[in-house]
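1. With the sequence up front, the predicted model follows.
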Amino acid sequence: MTRAAPVRPVPARRALLLLAAAAALAASPARAGEIGKNSPQASVIRGSIVFNTYCALCHGSSGEGDGRAARIYNPRPANLTVSPYNDDYKELMIRRGGEGMGRSPFMPPWGDQLSDEQISDLVSFLRSIKVPDAKVSDAKASETKAADATVSAARASAARLSDAAR
Ligand code: HEC
């Protein structure tokens, strides 16, 4: 027998995000009903849509690593609200996937699937759901340093590649 899935309330953080978007709209000096296309809020809202389309199945719609398919993966999809990594690392992780970053291949690469704008909107969205002052353990902090070194090395090799292609 299969049980009906429990109805889940809208996650509090997402509700807050929508409220914030509504407040931004109300306070906006521009015409009512308009958020500037290039504004940070617009990027976050677009990012949340991309995230819910492609990422929520694993990472959960509020990014806490509790998506519908999360428990079939080991390691589990990361809780992105407390991720210790910086924007550059997240962008590379999204483009190259876990395997391309020496991590789990269960995190797929999206570089060929999503546009540059979608990827930068995702990074804006991830910034918006980050819990401020999330406690970062020493172990995570040194992992982050190692990750930064990976990012610089990746940049350097990308630069070499594009030089070579000239
Ligand atoms: C099929 C499941 C799956 C999907 C879909 C998926 N991820 Fe992941 N993701 C993972 C797993 C598993 C990890 C952890 C990898 C590890 O720890 O080695 C991860 C890790 C990450 C990380 C690293 C964060 C950290 O703190 O370690 C980021 C950033 C990330 N995912 C973003 C995304 C985004 C954005 C999308 C949608 C475009 C996405 N993921 C879609 C499974 C998934």
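-> Sure thing, it's come through. Residues are numbered from 1 along each chain as shown.

2. in this protein, which spans are helices?
-> 12-27, 40-54, 56-59, 87-96, 116-129, 138-165 (DSSP state H).

3. Can you tell me what sits against the shortest one?
-> What that stands for is helix 56-59. Residues outside helix 56-59 that contact it (C-beta atoms under 8 Å, 6 or more residues apart in numbering) are 51, 65, 67, 68, 69, 70, 73, 77, 78, 80, 106, 107. In this view, the C-beta of every residue, glycine as well, is placed from N, C-alpha and C.

4. Return the set of buried residues in that helix.
-> 56, 58, 59 (16 or more other C-beta atoms under 10 Å).

5. Would you format those as a markdown table with pLDDT and distance to residue 128 included?
-> A markdown table is the format used below for the buried residues of helix 56-59 (pLDDT from 0 to 100; distance: C-beta to C-beta, whole Å):
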| residue | pLDDT | distance to residue 128 |
| --- | --- | --- |
| 56 | 98 | 15 |
| 58 | 98 | 19 |
| 59 | 98 | 14 |
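
6. so which of these are also by the ligand?
-> 58, 59 (C-beta under 6 Å from any ligand atom).

7. Tell me which of the contacts of helix 56-59 fall in strands.
-> With DSSP state E as the criterion, strands contain none of these.

8. so where's this protein shaky on pLDDT?
-> Low-confidence segments of the chain (pLDDT under 70): 1-33, 134-146, 148.

9. who in it is up against the ligand?
-> Residues of the chain lying near the ligand (C-beta under 6 Å from any ligand atom): 54-55, 57-59, 73, 75, 77-78, 80, 83, 85, 90, 93-94, 98, 103-104, 106-108, 110, 122.

10. Of these, keep whichever come out buried.
-> 54-55, 58-59, 77-78, 80, 83, 85, 90, 93-94, 98, 103, 106-107, 110, 122.

11. Next one: the residue nearest in space to the middle of the chain from residue 91, what distance?
-> Nearest to the mean C-alpha position of the chain, counting by C-alpha atoms, centre = their mean, stands residue 126 at 4.0 Å. Distance, residue 126 to residue 91, by C-beta to C-beta, to the nearest Å: 9 Å.
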